[in-house]
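Engineer: Here is the input, now give the coordinates:
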Amino acid sequence: MSKQGVECCEQVFVHGDVVDKVNQEMPEEEELYDLAELFKVFGDSTRIRILFVLFEAEVCVCDLAEVLHMTQSAISHQLRILKQAKLVSARREGKSVFYSLADDHVRTIIAQGREHIEE
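Structural biologist: Okay, here's the model as predicted:
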């Protein structure tokens, strides 16, 4: 066992068939980067709270600020990040802008994350 408490092999032996299979299936570096960036967006509890509100209804910034007890400026900042990540979409109606989930993938990602932490 190593100093970090992670078990390691006692002798070095590379399993070429496994390495070849993994190398064939490994996504391109750019895709891995984009995926990591997406998961970073989920790494903020305020953004998660916003998404939970949007699970229930399409809302404007005023509604979100009221529900989450935050300023409209703080909510707008987080919505901008969620929109850039294509997790929420906006719809203008008169002088108001309403936000909703971009698609059902968002709900699925959150549901699977919740399922994982409850194990």
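Engineer: C-alpha only now, for contacts and for neighbours.
Structural biologist: OK.
Engineer: hmm, who's touching stretch 87-102?
Structural biologist: 51, 54-55, 57-61, 79, 82-83, 86, 103, 106 (Cα atoms under 8 Å, 6 or more residues apart in numbering).
Engineer: number of nearby residues for residue 105?
Structural biologist: 11 (other Cα atoms under 10 Å).
Engineer: ok, back up a step: list buried members of the contacts of stretch 87-102 by neighbour count.
Structural biologist: 51, 54, 58-61, 79, 82-83 (16 or more other Cα atoms under 10 Å).
Engineer: from those residues, which is closest to residue 17?
Structural biologist: Using Cα to Cα, residue 82 comes nearest to residue 17 of those, at 40.6 Å.
Engineer: Now that closest one: closest residue in space that isn't a chain neighbour?
Structural biologist: residue 88 (5.8 Å; Cα to Cα, 6 or more residues apart in numbering).
Engineer: Look up phi and psi at the one you found.
Structural biologist: phi -130, psi 160 (degrees, to the nearest 10).
Engineer: just the one 4 residues further on next, same as before
Structural biologist: Main-chain dihedrals, residue 92, degrees, to the nearest 10: phi -90, psi 140.
Engineer: Output the buried ones among the contacts of stretch 87-102 as CSV; include the columns pLDDT.
Structural biologist: Formatted as CSV, the buried ones among the contacts of stretch 87-102 follow (pLDDT from 0 to 100):
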residue, pLDDT
51, 98
54, 98
58, 97
59, 98
60, 96
61, 96
79, 97
82, 98
83, 97
